[in-house]
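S.K.: One predicted model, sequence on top.
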Amino acid sequence: MPTETVYGLAANACDGKAVARIFEAKGRPSFNPLISHFATARDIEAHAHMDERAQMLAQRFWPGPLTLILPRKENSTISALACADLPTLAVRVPGHPDARALIKAAGVPLAAPSANISGTLSPTRAIHVAEGLGDKVDLILAGGASEVGLESTVIDLSGPEVHLLRPGGISAEEISDALGGTPIHQPDENSEIKSPGQLLKHYAPTTPMRLNAIDLAPDEALLGFGSLRFMGIRGGGAALDLPDDRVRNLSEGQDLHEAAANLFAMIRELDQSGAQAIAVMNIPDQGLGIAINDRLKRAAS
Ligand code: TXA
Ligand code: MG
């Protein structure tokens, strides 16, 4: 979809499998959290807490090139994959009328990173998207050249201080002014960590995880992928006979989209099973599997 900043690769933010296809099409090696796009600020209230600061910035800059990081509401239906299972949510009301019309017509928030292959330039014209992702997307909604041509400014309002996570079309000074002179913390130029994605504290299970398991210890839970028919338990027994709370299958049919959509929720559920460890079956290291394995390695380290 066109937006005033750059073209976005959009999918239903509440549908984990659809969101998985975004990561697959972009060839992202890991599951970075995505921005959820809304038609109006009011629609955000079902998903995130808008405090007074958020209301002020929304009033002043939306629709427009500003993204806010807000505390996510417990009952939000945004998929865990879209927000990388963080307790926060990135939200934005885009200024491009076609984007808002699309979101309204869809009736759901749209998760959308820039519509380019990971590591390449962001597209600001429909033809750029066609060149990069033409064979990977169902439809390109042509909406002219992006006016801003630069990704949105990202402001973190999830804590008491205001942080600028990504500079963009709207300056820190304008943000500070709109908040009555509130100081804006900016990323340290000398700091090695520049990408906000790297600063994120992800949910880590408290139960140890073991990857590429080919069998199970008696006190382990199983995170499966594909058929569990040949998974045995050391000392006797089979994974198929494990109690329901000890076993989850990311995708019985080895569908990586389904596996990605299930990943965060299933890790959480097994973490609560009381097992000594979570054994994870091998996931092929290709396509979306690369991002799934990246997340599993971090959860296991
Ligand atoms: O202008 C834009 O923002 C474009 C258009 C399509 O809207 N979208 C875009 O999305 O640039 P993307 O995924 O390329 O960038 C999202 C940025 C990333 O730097 C990501 O780390 C950060 O937002 N982000 C998303 N959710 C976050 C969260 N919960 N906490 C901190 N940073 C977050
Ligand atoms: Mg991008």
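M.R.: Nice, I can see it. Ligands and ions are numbered 1, 2, ... in the order given.

S.K.: which stretches of the stretch 51-200 of the chain have low pLDDT?
M.R.: For the stretch 51-200 of the chain, applying pLDDT under 70 flags the ranges 188-200.

S.K.: residues from it in reach of ligand 1?
M.R.: By CB under 6 Å from any ligand atom, the residues of the stretch 51-200 of the chain that approach ligand 1 are 67, 69, 83, 86, 88-90, 92, 94, 112-114, 151-152, 154, 165-166, 196-197, 200. Where C-beta positions appear, they are placed from N, C-alpha and C, glycine not excepted.

S.K.: For Pro167, give me its contacts.
M.R.: By CB atoms under 8 Å, 6 or more residues apart in numbering, the contact set of Pro167 is Thr153.

S.K.: so how far is Arg28 from it?
M.R.: Applying CB to CB, to the nearest Å, the value for Pro167 to Arg28 is 22 Å.

S.K.: Look at Gly235 and say how many residues are nearby.
M.R.: Counted with other CB atoms under 10 Å, residues neighbouring Gly235 total 8.

S.K.: Give me the buried entries from the residues of the stretch 51-200 of the chain next to ligand 1.
M.R.: 67, 69, 83, 86, 88-90, 92, 94, 112-114, 151-152, 154, 165-166, 196 (16 or more other CB atoms under 10 Å).

S.K.: Check what pLDDT the closest residue to Met281 other than its chain neighbours gets.
M.R.: Spatial nearest neighbour of Met281, excluding adjacent residues (CB to CB, 6 or more residues apart in numbering): Phe225 at 4.7 Å. Listed pLDDT for Phe225 reads 98.

S.K.: my read: Phe225 touches Asp255, true?
M.R.: No - applying CB atoms under 8 Å as the test, Phe225 and Asp255 come out as separate, 9.7 Å apart.

S.K.: the more surrounded of those two?
M.R.: Higher neighbour count among Phe225 and Asp255: Phe225, with 22 against 17, using other CB under 10 Å.

S.K.: what's near enough to touch the more buried one?
M.R.: Phe225 neighbours (CB under 8 Å, 6+ apart): Asn249, Leu250, Ser251, Gln254, Ala259, Val280, Met281, Asn282, Ile283.

S.K.: Now do it against Ala265, distance only.
M.R.: 15 Å.

S.K.: any idea where the strands of the protein begin and end?
M.R.: Using DSSP state E, the strands of the chain run over residues 11-12, 35-37, 66-71, 88-92, 110-111, 153-156, 162-166, 184-185, 209-210, 220-224, 247-249, 277-280.
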